[in-house]
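> Starting from these lines, generate the structure:
(one chain, ligands or ions: 2)
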Amino acid sequence: MEKIAVIGGGNLGIAVTEGMLKTGINPEKIHVTRRRVHYLEPLKEKGVNVGSNNVAAVQNADLIILAVKPKQAEIIMSEIIDHLTDNQIIVSLVTGVSLEAMEKEWKIPSICFRAMPNTAVELQESITCISHQPTTTENIESIKALFSTLGPVLIIQDDMMAAATVLGACGIAFALRFIRAAQQGGIEIGFNAENALKIAAQTVKGAAELVLQNGNHPEQEIDKVTTPQGVTISGLNTMEHQGFSSALIQGVLTSYNKIK
Ligand SMILES: NC(=O)C1=CN([C@@H]2O[C@H](COP(=O)(O)OP(=O)(O)OC[C@H]3O[C@@H](n4cnc5c(N)ncnc54)[C@H](O)[C@@H]3O)[C@@H](O)[C@H]2O)C=CC1
Ligand SMILES: O=C(O)[C@@H]1CCC=N1
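Numbers count the residues shown, from 1 in each chain. Ligands and ions are numbered 1, 2, ... in the order given. As a prediction, this is how the structure comes out:
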C-alpha cells in the first residue's frame, strides 16, 4: 500500500497505526485524523502525519481506514464522499455497518472492504476478519497482506462480521476479565498484585499457545492438567457449578444480539 489515511485516531485507529509502524512501514505514508489532534502527539513524534482535516487525509491516500463510531462514520462519509476517487480503497472497521449499507447509505464509489481486528493489533497479535462484496475480486490480496502483518487473517462472509466482532474484538475484553479475576484469586491465595497478574496473564498466553501451536481441542490440554482426584478438577468443577462456561456463552450471545 502506498499512502494510508486512518480516519478516527481513537482506541482502534491508534492501535492499528501503532501496529503498522511496528511492521517497519514509513510513518510518513500514514495520515491519522481526529478532532482533538493533541491526542495524536505520540504518533506525530514517530513521524506520522496527524491532523483534523479528513478531506486532506483522504485526498492524498490510496487506502482509507475508517475507524470511527457508526454515527460519526455517516457524518464523515458525507464530508469526504465528493473527494473520493474510483481507485481508492476503503476499509471500514466500523461495527455494525454492512457492506451493503456502506454502498447504499454512504454511496461509496470506491472499492470497499470491512475488517474487524482487535486492540492487540497494536502488538501485531490481532486476528482480523475481513469481508468483501462477492463482486470484488481485485485488491483482496493486498488488503489481506496488510492485515496479515498485524496477526492472522480470516476472509469471511459479510453477514458473519457481527459474530467476528463479538468473538474477536469484544473477546479481548472477555479474556482480560478472566485474567483480572484470576489475578484477584491469586491475591487471595497469597501473591502480591504484580506477581498474581504476571502469572495469570502468562498462563493465559501459554494456554492459548498450546491450542494454537498443538492444534488440540482445549479439553485435550485440560485432560493433561487434571490429575484424578487432584486439585485442578475440583477447581474447574466448582467454576462450572457456578456457571463459568454458561456465563461466557451467554455474554457472547448478549453482545451478538445487541449488534444485530
Ligand atoms: N475498540 C475496539 O476494540 C474495537 C472497535 N471497533 C470499532 O471501531 C470503531 C472505532 O472504535 P474506537 O476506536 O473504540 O472508538 P473511539 O471513539 O476511541 O475512536 C473514534 C475516534 O474518531 C474520532 N472522530 C470522531 N469524529 C471524527 C471526525 N469527524 N473526524 C475525525 N475523527 C473523528 C474520535 O474523536 C475518536 O478519537 C467503532 O466503530 C468500533 O465499534 C472495532 C473493533 C474493535
Ligand atoms: O464495544 C463495542 O461496541 C465495540 C465493538 C467491538 C469492540 N468495541
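
> switch to C-alpha atoms for all contacts and neighbour counts from now on
OK.

> Just list the residues touching the residue of the stretch 151-260 of the chain found nearest ligand 1, thanks.
Nearest residue of the stretch 151-260 of the chain to ligand 1: residue 169, at 4.6 Å (Cα to the nearest ligand atom). Residue 169 sits next to 116, 117, 118, 119 when contact means Cα atoms under 8 Å, 6 or more residues apart in numbering.

> For this protein, what lies in contact range of ligand 2?
With Cα under 6 Å from any ligand atom as the criterion, the chain meets ligand 2 at residues 95, 165, 169, 170.

> now the residues you listed in JSON lines, with secondary structure and pLDDT?
Written out in JSON lines, the entries for the residues of the chain next to ligand 2 read as follows (DSSP: H, G, I helix; E, B strand; the rest coil; pLDDT from 0 to 100):
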{"residue": "95", "secondary structure": "coil", "pLDDT": "96"}
{"residue": "165", "secondary structure": "helix", "pLDDT": "98"}
{"residue": "169", "secondary structure": "helix", "pLDDT": "98"}
{"residue": "170", "secondary structure": "helix", "pLDDT": "98"}
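
> for residue 154, phi and psi?
phi -120, psi 130 (degrees, to the nearest 10).

> And it, how close does it get to residue 103?
Distance, residue 154 to residue 103, by Cα to Cα, to the nearest Å: 22 Å.

> Residue ranges in this protein under the pLDDT threshold?
For the chain, the stretches with pLDDT under 70 are 1.

> Could you list the domains of it?
4-156, 165-259 (automatic domain parsing).

> just the ones you listed: most buried one?
Burial among the domains of the chain, expressed as mean neighbours by mean count of other Cα atoms under 10 Å, is greatest for domain 4-156, which shows a mean of 19.

> ok, that one near ligand 1 or not?
Yes - Domain 4-156 comes into contact with ligand 1 (Cα under 6 Å from any ligand atom), by way of 7-13, 33-35, 52, 67-70, 72, 76, 93-95, 116-119.
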